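> For reference, the sequence and a predicted model appear below.
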Amino acid sequence: MAKPDNSIFHRQRRSPILNFMGEPRESSFRRILLSRILLLSVPVLLVGEYVTYRKARSSLLETARQNLTESAIRKGERIGEAIEALQANLITSSDTAILQSGSKEESQQFLEQLQQQLPTKIQCIQLIDLQSGQPVNSTCGERGIVALSPSLWPQQQTQLLPSRSSVRVTTLLHPKSPLGAQTAPPKTPNGQLQLVLSAPVYNRAGRLRYALSIQSSLYQQRSDKQGSLYGSTVVIDQDGTILEHPIADRVGRNIAQETDAARLQSVLKNALAGAQDFLHIYDFESKNIESVVGYTAIQNPISKNPKDKWVILAVASIDNALYGLEEIKQVMFNLILGLLAANLLATLYISRDLARPLEKLEDYALNVQGRGGSERIPSNFKIREFNHLAIALNTMVDRLTAWAEQVESAWKEAQAANQLKSEFLANTSHELRTPLNAIIGCIRLVKDGCCDDEEEEREFLQRADDAAIHLLKIINEILDLSKIEAGTLTVVTEPLDMRSLLQEVVDMQMVQLDQKGLQLHWVPPTEPMPVQADPAKLKQVVLNVVSNAIKFTDVGSISIKMEIPSETNKVVLTVRDTGCGVPPEQQQKLFRPFVMADGTRTRKHGGTGLGLAISRKLMELMAGTITLYSPGAGKGTTVEIAMPAIAAARLSGSGNEIPSKIGDADSVSVASESNVRNTK
């Protein structure tokens, strides 16, 4: 029999969707995804490149600021050192016997040798006759480098060696020399700072006759290499006069005549105020060129006033300060081209990988009726959302079955919870009825006078008291659980010695240990075990753990150990028994309410199944932990309680003594349970 042709049906079913998808305003998911990713990523890349460029520029300027400021400081120090060295050499030279003797030939030879020996660059040395004002000896011609007056120094030598205060210093820039004579400002070579230092020369009779003058270029200008931030040297007087400048025509001008006069005056003001900093100026080295300067101030060597200063600038062009930025820009340009290309390729790849699964899902969804019953949509798209969508489409057909399975599973869970509740109610009623029957029976026997003597009456009353304590414990556990579930259970912590608390618990359980014939391995620690805890709540937890170990151990021993491991800084209490043990699959359930390893009413041991659940909640409230481990049924159980240790100094007492057994175990148990009940 020929198969029906479904192609017409498929075309008819797809045609409305295809017509809808063919509208001009629509676009494919792949194209939209590609455009959105590019629109988002390209601006981010460009902004990132721009921020990186600005950061690199700022870093270079910060480096220039530090280097130029340090360079200005070093330049100032070297100028000061050079002036001091010249003064010292001039003083020593002026006191030589050759100059005092007046021999012209010997003096000329001495001056020439002195010019060669001085470490600073010397342009001229002259021995000037103060009476005539003309050079007697000179290394630079017959014209005097500076006009000097005999009134500048004492006529009679007052000390063996002239001091630095007797040295007169002047520059060759001012029309009027500070020494009091008119001088013509010569053109300084390369704009260097020219100083003239003069010292008196006394003859052998001690009378003033000559003056020894030295003309020197203090600082040798040098052009910076590319990338160097040493900077050109500029010296500005306190009144704003430029004393040294890499452009010779600028020497002697005032900064008020400069193009960027406001910034230069700001530099002068800050430097005179003691600042050492960095600033941008314009048209200072060359026209239309931005420069960066570091500046500092030094003591004016010409003036005797300590408040007079020179401002030293280290000047570098902005191109020199930003040397290497062009290379960084080129690298970043190449990098952005590479990143854009990589971004485009990655976007194409991502959009294809994201769109292809959706296109496949579209084809499967449009042809869902043509799929066979066993055909499934693939879920290997490597994208979680698309895999989830494929799984959702596959499970649509089977949804009713899945819901039925969920309902069945929920019904089973409800049955299990109902059975667990029934078992708990049955167990609890049994646990409550047993001590009540014991109390009623014992009291009636005493009431009806069935006892032979007073000793037997006390025995029945003691049994009733024990049963009442057991009943109170069960009720307290139920109340604790209700408070825990309601979130109203609180603890009040205080520093305590945990070993004392443990000793009380051991003393309380000695009767049960003796009745069952169990051995107790317990060596009290010699050092205090200080913790921050609620004494009643912690005692309740420890008592529950120790009593469980005794209850579930018929033959063997109970081992108790307490220590503070150095790697944890916690007080760790370990209780190990040789009892019935717990199967591995049941161990985690024991800390859930109403659950016991043996939940039937016919179990050998009593209890409500609340002890460990309450203990864990109490330990959590006190920032501690309780864990249980058992190798398996019949192999014993180990319970570990850990509490953060505190400083022993916080304990109120010395904590070095462990209390011995405190009276009768039953009376201690009653007091403990009463305290626990009163704290709730």
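Sure thing, it's come through. Computed from a prediction, not measured in an experiment: that's the story for all the values here.

> Could you pull out the buried residues of stretch 526-537?
528-537 (16 or more other Cβ atoms under 10 Å). For glycine as for every other residue, the C-beta is placed from the backbone atoms N, C-alpha and C.

> From those residues, which land in strands?
When these are checked against strands (DSSP state E), the matches are 530-533.

> Flag every buried residue along stretch 109-124.
110-111, 114-115, 118, 120, 122-124.

> Kindly report the same for stretch 318-333.
Going by 16+ other Cβ under 10 Å, stretch 318-333 has these buried residues: 318, 320-323, 325, 328, 332.

> End to end on that stretch, go ahead and measure it.
22 Å (Cα to Cα, to the nearest Å).

> what ranges do the strands span in the stretch 351-500 of the chain?
Under the criterion DSSP state E, counting those that start in this stretch, the stretch 351-500 of the chain contains strands at 494-497.

> quick one: low-confidence parts of it?
364-383, 397-401, 404, 417, 420-421, 423-433, 470, 477, 479-488 (pLDDT under 70).

> make it 80
351-405, 413-414, 416-438, 441, 445, 447-449, 452, 460, 463-464, 466-490 (pLDDT under 80).

> helices and strands of this structure: which one bottoms out on pLDDT?
Sorted by mean pLDDT, DSSP states H and E, the helices and strands of the chain end with helix 665-678, the least confident at a mean of 33.

> All the helices of the stretch 501-650 of the chain, residue numbers only.
According to DSSP state H, counting those that start in this stretch, the stretch 501-650 of the chain carries its helices in the segments 535-551, 584-587, 611-621.

> what's the angle from the longest one to helix 611-621?
Right, helix 535-551. 150 degrees (axes from the mean of the first three to the mean of the last three Cα atoms, to 10 degrees).

> Give me the distance from helix 535-551 to the chain's centre.
Its chain's C-alpha centre and that of helix 535-551 lie 45 Å apart, by Cα atoms, centre = their mean, to the nearest Å.

> for stretch 576-589, same thing?
With Cα atoms, centre = their mean, you get 46 Å for stretch 576-589.

> Give me the secondary structure label for residue 294.
strand (DSSP: H, G, I helix; E, B strand; the rest coil).

> Report the separation between the two terminal residues of stretch 115-127.
Start-to-end, stretch 115-127 (Cα to Cα) is 13 Å.

> Give me the residues contacting that stretch.
The contact list for stretch 115-127 (Cβ atoms under 8 Å, 6 or more residues apart in numbering) reads 82, 85-86, 89, 99, 107, 111, 114, 135-141, 144-145, 194, 201, 210-218, 220.

> By neighbour count, sort out the buried ones in these.
Applying 16+ other Cβ under 10 Å to the contacts of stretch 115-127 flags 82, 86, 89, 99, 107, 111, 114, 135-139, 144-145, 194, 201, 210-218 as buried.

> tell me the mean pLDDT for stretch 37-48?
In this model, stretch 37-48 has a mean pLDDT of 83.

> ok, residue 68 - how many residues close by?
Other residues near residue 68 come to 26 when the count uses other Cβ atoms under 10 Å.

> Distance check, it against residue 61.
10 Å (Cβ to Cβ, to the nearest Å).

> shared neighbours of the two, anything?
292, 321.

> for the residue lying farthest from the centre of the chain, phi and psi?
Distance from the C-alpha centroid of the chain peaks at residue 452, with 81.7 Å (Cα atoms, centre = their mean). Dihedral pair for residue 452: phi -80, psi -40, per degrees, to the nearest 10.

> Next, the contact list for it, please.
Residue 452 neighbours (Cβ under 8 Å, 6+ apart): none.

> With residue 521 instead?
557-560.

> who wins for neighbours among those residues?
So for the contacts of residue 521 (other Cβ under 10 Å), the most neighbours sit at residue 558, 23 neighbours.

> looking at the sheet around that one, what are its partners?
Beta bridges link residue 558 to residue 520, residue 577, judged by DSSP bridges.
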